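Student: Got a predicted structure here, sequence first:
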Amino acid sequence: GVLMRTGEQPHSSDVVNYAPFTLLPSAVPRALFEQAYAVQQDFNLLVDAISQNKEFLEQTLASTIKVDDFTARLFRIYMQVLEEGLAQTVFLGINRSDYMFDCGLDGTTALKQIEINTIAASFGGLTSRMADVHRLVLKVLGKTKEASCLLPNNPAKGLALGIAKAWELYGSQSAVVMFLVEEVQRNIFDQRCVENELWKRNIRVIRRRFRDVFEKGSLDDSRRLYMDGQEVAVVYYREGYVPQTYDQQNWEARLLLERSRAVKCPDIATQLAGTKKVQQELSRPGTLEKLLPGHPEAVARMRATFAGLYSLDKGEEGDKIAAKAIADPERFVLKPQREGGGNNLYGEELRQVLENIKDSPERTSYILMDKIKPQPAQNYLLRAHSPLQVSECISELGIFGVYVRQGQELVLNEAAGHLLRTKAIEHADGGVAAGVAVLDTPYLV
Ligand code: ADP
Ligand code: MG
């Protein structure tokens, strides 16, 4: 069941292939794995707090929305729905906080956050089956004891529990959950794992695209959302995080969804909370304390996972760090306000781009981050139609977070499972969907 549709026939569920995966589980330091789980509820709390803090979002994104049209359009919808007044008091967040294991000069490793994905965080479904695959591989190799050490992991169920809770609080037995899906749905089986968990609980699920919402979605007088005559309780976005998704009609569909009484996962404020610019501002001394007053321990746990992050806004601070990165590009990653992999710049390319934009307002649409340098390990990356060879690999650990808030009360706040993705070291960037990383299972050491 760890499957994907093929690139050649991306609309067919009859012709499928296995999703790319490592032949063997990868070693992960137990202490860092436990640290990542222990900080997840804090990050849920933080994302939720940011999403309710208009002043912080406004200030933080002010410079970005002047130069980044996509963030600006999202922000405009955010302001528009606030002005009208929100029709729903229930909020559902599903996020995934991603980390790498940074290797210091003295050989010690540290957990460093890469980013937190607050919209359409994927692979919670397929990864729920990966441990079984690796358990089997280890048994075939005669490693029965090692096979029994692999941890159970079921994010699909955890995510579905969050969606089910939001559905229940919406309070209409006949209302459905709508997965807002892509035009091309190669990763449909990942979504099906979550969907099936909802059907098990007798919750109806429909799958629709932005285009369908534009054509057939409507709101009634109290802003209840209807699709093809069915009332929608929860909208779960698996799409909507890249500019290419949106033509004028799809922007209108997005606005309709945001204005509606349906619970949005995420609402537009929470999507904005996941921007790279917000991440960079969070690392400033004092910001976490301001956002979460009265939570000093949570603040300390989160801060311990932060890598160096730097603003490229106009001014002395930005000038200084830009010059530093141009002089020593191998130390940094240059990131635009984009999601989905393959957008970041490294090395010589980073140097050239930064050199070109260092005196232009465009610089503000990027942030800089310290480059994390994990210790590579050998593994086999299995991909359909690719020869099998041993590769030097590095891994990225993701922890899924789920929370539900009703008014001011957090009624659910959980870490819902993990995802390990591994890639060959020659690729600086890119996830599983981008064809670079593959699914993996942590073997704790
Ligand atoms: P996206 O939103 O496109 O997923 P990420 O910030 O997660 O953006 O970066 C994409 C990929 O680039 C990551 O999965 C990781 O492999 C690599 N990457 C990002 N930031 C760093 C960093 N600071 N150090 C090393 N690699 C990084
Ligand atoms: Mg990422």
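Tutor: Nice, I can see it. Ligands and ions are numbered 1, 2, ... in the order given.

Student: Buried residues, stretch 131-140. List them.
Tutor: 131, 133-135, 137-138 (16 or more other C-beta atoms under 10 Å). From N, CA and C alone the C-beta is placed, and that goes for glycine too.

Student: List the contacts of that stretch.
Tutor: Residues outside stretch 131-140 that contact it (C-beta atoms under 8 Å, 6 or more residues apart in numbering) are 2, 21, 23-25, 144, 146-148, 150-153, 441.

Student: Where strands are concerned, which of the buried residues of stretch 131-140 count?
Tutor: Among those, the subset assigned to strands under DSSP state E is empty.

Student: want to throw those residues into JSON lines with distance to A415 and pLDDT?
Tutor: As requested, the buried residues of stretch 131-140 are arranged in JSON lines below (distance: C-beta to C-beta, whole Å; pLDDT from 0 to 100):
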{"residue": "A131", "distance to A415": "16", "pLDDT": "97"}
{"residue": "V133", "distance to A415": "22", "pLDDT": "97"}
{"residue": "H134", "distance to A415": "21", "pLDDT": "98"}
{"residue": "R135", "distance to A415": "22", "pLDDT": "98"}
{"residue": "V137", "distance to A415": "26", "pLDDT": "97"}
{"residue": "L138", "distance to A415": "25", "pLDDT": "98"}
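
Student: Among these, name the ones in helices.
Tutor: Among the buried residues of stretch 131-140, the residues falling in helices (DSSP state H) are 131, 133-135, 137-138.

Student: List just the nearest of the contacts of stretch 131-140 to N413.
Tutor: Relative to N413, the closest of the contacts of stretch 131-140 is N153; by C-beta to C-beta it sits at 19.1 Å.

Student: Where does the closest one sit: helix, strand or coil?
Tutor: What DSSP: H, G, I helix; E, B strand; the rest coil gives for N153 is coil.

Student: S311 contacts I367, correct?
Tutor: Yes - between S311 and I367 there is a contact under C-beta atoms under 8 Å: 6.6 Å.

Student: overlap in contacts of those two?
Tutor: Q280.

Student: From A19, how far off is G431?
Tutor: Noted for G431: a distance of 12 Å to A19, by C-beta to C-beta, to the nearest Å.

Student: more crowded one of those two?
Tutor: Ranked by neighbour count (other C-beta atoms under 10 Å), G431 and A19 place A19 first, with 27 against 20.

Student: so what's the more buried one closest to, chain neighbours aside?
Tutor: Nearest residue to A19, sequence neighbours excluded (C-beta to C-beta, 6 or more residues apart in numbering): M4, at 4.5 Å.

Student: What's the mean pLDDT across the helix or strand hosting the one you found?
Tutor: For M4, the element it lies in under DSSP states H and E is strand 3-5. Averaged across strand 3-5, pLDDT comes to 94.

Student: before we move on, back to that, more neighbours: S311 and I367, which one.
Tutor: I367 (26 against 21).

Student: and that one, what are its bridge partners?
Tutor: Note on I367: beta-bridge partners S311, K335, judged by DSSP bridges.

Student: hang on, it packs against K277?
Tutor: Yes - look at I367 against K277 with C-beta under 8 Å: they come within range, at 6.2 Å.

Student: From the geometric centre of the protein, which residue sits farthest away?
Tutor: The centre of the chain is farthest from one residue, G142, which by C-alpha atoms, centre = their mean lies 36.3 Å away.

Student: how about the residue nearest in space to the middle of the chain, what does it touch?
Tutor: What sits nearest the mean C-alpha location of the chain, by C-alpha atoms, centre = their mean, is N117, with 2.4 Å. If a contact means C-beta under 8 Å, 6+ apart, then N117 has 95-98, 274, 339, 398 as its contacts.

Student: which of the residues you listed are buried?
Tutor: 95-98, 274, 339, 398.

Student: got the end-to-end distance for stretch 123-131?
Tutor: Stretch 123-131 stretches 13 Å from its first residue to its last (C-alpha to C-alpha, to the nearest Å).

Student: want to try CSV for the contacts of stretch 131-140, with neighbour count and distance to ligand 1 as columns?
Tutor: Shown next, in CSV, are the contacts of stretch 131-140 (neighbours: other C-beta atoms under 10 Å; distance: C-beta to the nearest ligand atom, whole Å):
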residue, neighbour count, distance to ligand 1
V2, 19, 20
F21, 24, 17
L23, 16, 20
L24, 20, 20
P25, 25, 19
T144, 10, 33
E146, 16, 27
A147, 18, 28
S148, 10, 30
L150, 19, 23
L151, 12, 22
P152, 8, 25
N153, 23, 19
T441, 26, 18
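
Student: Those in helices, which ones?
Tutor: Reading helices off the contacts of stretch 131-140 with DSSP H, I get 144, 146-148.

Student: Check the contacts of N117 for the minimum pLDDT and say which it is.
Tutor: E339 (90).

Student: Spell out the secondary structure type for it.
Tutor: From three-state DSSP, the assignment for E339 is coil.

Student: my read: it touches P243, true?
Tutor: No - with contact defined as C-beta under 8 Å, E339 does not reach P243; the gap is 10.2 Å.

Student: what's the overlap in contacts for the two?
Tutor: By C-beta under 8 Å, 6+ apart, no residue touches both E339 and P243.

Student: Residue in the stretch 101-250 of the chain with the shortest distance to ligand 1?
Tutor: E115 (3.9 Å; C-beta to the nearest ligand atom).

Student: one step back: can you tell me which two in the contacts of stretch 131-140 are farthest apart?
Tutor: Most distant of the contacts of stretch 131-140, by C-beta to C-beta, are V2 and T144, 21.7 Å apart.

Student: hang on, isn't L219 packed against A262?
Tutor: No - using C-beta under 8 Å, L219 makes no contact with A262, being 9.4 Å away.

Student: Those two: which has the busier surroundings?
Tutor: A262 (29 against 16).

Student: any idea of the mean pLDDT for stretch 276-296?
Tutor: On average, stretch 276-296 scores 98.

Student: contacting residues for the residue of the stretch 101-250 of the chain closest to ligand 1?
Tutor: With C-beta under 8 Å, 6+ apart, E115 has these contacts: 97-98, 274, 276, 279.

Student: about what we covered before: give me the common contacts of L219 and A262.
Tutor: Joint contacts of L219 and A262 (C-beta under 8 Å, 6+ apart) are L225.

Student: Helix or strand for the closest residue in space to R224 that isn't next to it in sequence, just tell me which one.
Tutor: Spatially, and ignoring its direct neighbours in sequence, R224 is nearest to R261 (5.1 Å; C-beta to C-beta, 6+ apart). Using DSSP H and E, R261 falls within no helix or strand.

Student: Give the burial count for R261, as a bare number.
Tutor: For R261, using other C-beta under 10 Å, the count is 19.
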